[in-house]
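# Everything below, folded, please.
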Amino acid sequence: MHSSKAIILSIATTDSGGGAGIQADIKAISATGGYACSVIAAITAQNTQRVTAVHLLPQDIIRAQLDAIFSDLPVAAVKVGMLGGADTINLVADALETYRPRHLVVDPVMVSANGDILLAPEAVDSLKQRLLPLADVITPNLPEAASLTGLPVPASLSEIEPLIGALEALECRAVLLKGGFLQQEPRSPDWLLHNGEVRCFDTPRVITPNTHGTGCTLSSALASYLGQGLELELAVASAKHYIEKAIEAGTRLKIGQGRGPVEHFFAR
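This next block holds a predicted model:
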């Protein structure tokens, strides 16, 4: 007897260290019950400490990957991560407009947790104009949300409300604003902006250096749950629970000399 899984596509960039990017996406999708496939937009030389090189793949190779996936696999959801430049953003947007996947999660990756710039500044406009309007939900962290809105990065919970208002003005279908950068707060809140309402998903903050790839992991888990048929709020709650447990389990890992990864397969 044959069985099937929801097919979840990650369009993103590699992480040679294995903790973020495509590698984290595949782990998170697999761990949450989806079938992971990928389109690689760029290759990074990266470890737990820094990104040392980025190579953008040729446009024809990216498009060939997209066409290969969509011509054969019934993709239930797409997660878009780091794309690197305006040309690739436009190419991916063209393909998504053609193939119209049922669910689209866009993680507007601009800066790594180590502070490395991952998206060329001139590409931010392409991201806002071409990709964000296609997304069912975008998942910016606080620095990325600040970059999208032109506001300063909030330093405390009291500064979140203006940022939420500015994000609502972008007129995205939904925004999951990630509050993990509020390191001084005892809890780790994320805010879902959807249908004119704001819901806070709040969990205890786990004190650990092993947070490499948390954004990639959360957005991929969210895409996986949406692709498996969960409604948006339940998918967000499930993805938030998954990343919380992955971070907790990751505290016991010792991988690399910098920011280690989370433990994607904590349930094993």
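
# ranges for the strands of the stretch 151-268 of the chain?
174-178, 187-194, 197-204 (DSSP state E, counting those that start in this stretch).

# give me every residue that touches the residue lying closest to Ala235 once chain neighbours are set aside.
Closest residue in space to Ala235, ignoring its immediate chain neighbours: Tyr225 at 3.8 Å, by C-beta to C-beta, 6 or more residues apart in numbering. Backbone N, C-alpha and C define where each C-beta goes, glycine included. Residues counted as contacts of Tyr225 (C-beta atoms under 8 Å, 6 or more residues apart in numbering) are Thr32, Leu234, Ala235, Ser238, Ala239.

# out of the residues you listed, which is most surrounded?
For these, the largest number of neighbours (other C-beta atoms under 10 Å) sits with Ala239, at 28 neighbours.

# of all the contacts of Tyr225, which two lie farthest apart?
Largest separation among those by C-beta to C-beta: Thr32 and Leu234, giving 12.9 Å.

# Now for Pro101, how many residues are close by?
When neighbours are counted by other C-beta under 10 Å, Pro101 comes out with 21.

# Give me the phi and psi angles of Gly18.
The phi and psi torsions at Gly18 (degrees, to the nearest 10) take the values phi 90, psi 0.

# My read is that it contacts His264, right?
No - taking contacts as C-beta atoms under 8 Å, Gly18 lies outside contact range of His264: 10.1 Å.

# joint contacts of the two?
Common neighbours of Gly18 and His264, using C-beta under 8 Å, 6+ apart, are Ala24.

# And the two? Which one has more around it.
A count of neighbours by other C-beta under 10 Å puts His264 above the other of Gly18 and His264, at 27 against 19.

# who's in contact with that one?
Shown in contact with His264 (C-beta under 8 Å, 6+ apart): Ala24, Lys27, Ala28, Ser30, Ala31, Thr217, Ala246.

# Pull the contacting residues for the fourth one.
I take that to be Ser30. Ala36, His264.

# one more time with 10 Å, if that's ok
Lys5, Ile8, Ala36, Ser220, Ser224, His264, Phe265 (C-beta atoms under 10 Å, 6 or more residues apart in numbering).

# and if you look at the fifth one?
Ala31 is in contact with 217, 220-221, 224, 242, 245-246, 263-268, counting by C-beta under 10 Å, 6+ apart.

# what angle sits between whichever helix in the chain runs longest and strand 187-194?
Selection of the longest helix in the chain by residue count, based on DSSP state H, yields helix 232-250. Using axes from the mean of the first three to the mean of the last three C-alpha atoms, to 10 degrees, the inter-axis angle of helix 232-250 relative to strand 187-194 is 160 degrees.

# Mind listing what's buried along helix 232-250?
Residues of helix 232-250 classed as buried: 232, 235-240, 242-250 (neighbour count, 16 or more other C-beta atoms under 10 Å).

# next one: stretch 159-178
Within stretch 159-178, the residues that count as buried by 16+ other C-beta under 10 Å are Ile160, Leu163, Ile164, Leu167, Leu170, Cys172, Arg173, Ala174, Val175, Leu176, Leu177, Lys178.

# Now do the contacts for the closest residue to the last one other than its chain neighbours.
When you say that, I think you mean Lys178. In space, and not counting its chain neighbours, Lys178 is closest to Asn141: 4.6 Å by C-beta to C-beta, 6+ apart. Counting by C-beta under 10 Å, 6+ apart, Asn141 touches 107-111, 113, 147, 153, 177-181, 190, 214-215, 218.

# Roughly how far does Asn141 sit from Leu163?
According to C-beta to C-beta, to the nearest Å, Asn141 and Leu163 sit 11 Å apart.

# Then Pro154?
The spacing between Pro154 and Leu163, counted by C-beta to C-beta, is 6 Å.

# which stretches of the chain have low pLDDT?
Low-confidence segments of the chain, defined by pLDDT under 70: 1-3, 111-118.
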